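Trainee: kindly generate the corresponding structure for this input.
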Amino acid sequence: MKQHFAAGLIAGALLALLAGCAGPRASAPAVPESLRVSASQVLFVRAQGAGVQIYVCQSSSEEPAHFAWILKAPEAQLTDRAGKPIIRHFAGPTWQATDGSAVVGEVVARDNGPDPDAIAWLLLRAKSTSGSGLLSRTLSIQRLLTVGGKAPAAGCSAAQAGSEARVNYSADYLFYKAR
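Mentor: Numbering: from 1, shown residues only. All right, here's what the predicted structure looks like:
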């Protein structure tokens, strides 16, 4: 009886493990060639980001009578696998860890990703870093597996000039440092 119980526990544990491995975020996503980091870099932080992309209605410099939603800044909280907040993401684009270290990124490549209703996947290089904590040795950042975040599809008009739209989004952020 004890053997059957133990075997059942082991089988249940294996099934749970296999089910967990089959989840959508269990392994690194397939990344387009243009978004791959250098082989001289290694992943050191992977965090789930959730927040908003903030857009402002502005006129075009080329066509002053034409108005569009222009990205102003992101505003998101990044958490570790346990759901603990570890990094704040805001204008710059900047990521600041709870220990005060920060990295400012610069987009070097983008890909539309598989979801036409989501913001682009990005590869960013670290333009600058500060502090001596978690993010101080960052060289590259990937924004992947995006959901939502695109500017309002309806567009905007002169009557809305200066108004903001806050659009919910989520994404995985991967931070790389030298090997």
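Trainee: I'd say Thr146 and Ile119 touch.
Mentor: Yes. With contact defined as Cβ atoms under 8 Å, Thr146 reaches Ile119; the gap is 5.0 Å. Placement of C-beta: from N, CA and C, glycine included.
Trainee: joint contacts of the two?
Mentor: Tyr169, Ala171 (Cβ atoms under 8 Å, 6 or more residues apart in numbering).
Trainee: can you pull the pLDDT of Ser61?
Mentor: Confidence at Ser61, expressed as pLDDT, is 83.
Trainee: before we move on, what about Ile10?
Mentor: Ile10 is given a pLDDT of 35.
Trainee: ok, now Gly155?
Mentor: 87.
Trainee: assign the residue lying closest to it once chain neighbours are set aside to helix, strand or coil.
Mentor: For Gly155, ignoring the flanking residues on the chain, the nearest one in space by Cβ to Cβ, 6 or more residues apart in numbering is Ala68 at 6.5 Å. What DSSP: H, G, I helix; E, B strand; the rest coil gives for Ala68 is strand.
Trainee: which secondary structure elements does the one helix or strand Ser128 maps to sit against?
Mentor: Using DSSP states H and E, Ser128 falls within strand 121-130. Here strand 121-130 touches strand 102-111, strand 140-148, going by 3 or more Cβ pairs under 8 Å, 6 or more residues apart in numbering; DSSP states H and E.
Trainee: nearest to Val45, of those strands?
Mentor: Nearest to Val45 among the helices and strands packed on strand 121-130 is strand 140-148 (9.4 Å), distances taken as Cβ to Cβ.
Trainee: what's the neighbour count on Leu71?
Mentor: Neighbour count of Leu71, defined by other Cβ atoms under 10 Å: 15.
Trainee: tell me which residues touch it, please.
Mentor: Contacts of Leu71 (Cβ under 8 Å, 6+ apart): Gln53, Ile54, Tyr55, Ala151.
Trainee: so, low pLDDT: which residues of the chain?
Mentor: 1-29 (pLDDT under 70).
Trainee: please consider this matter closed, and thank you.
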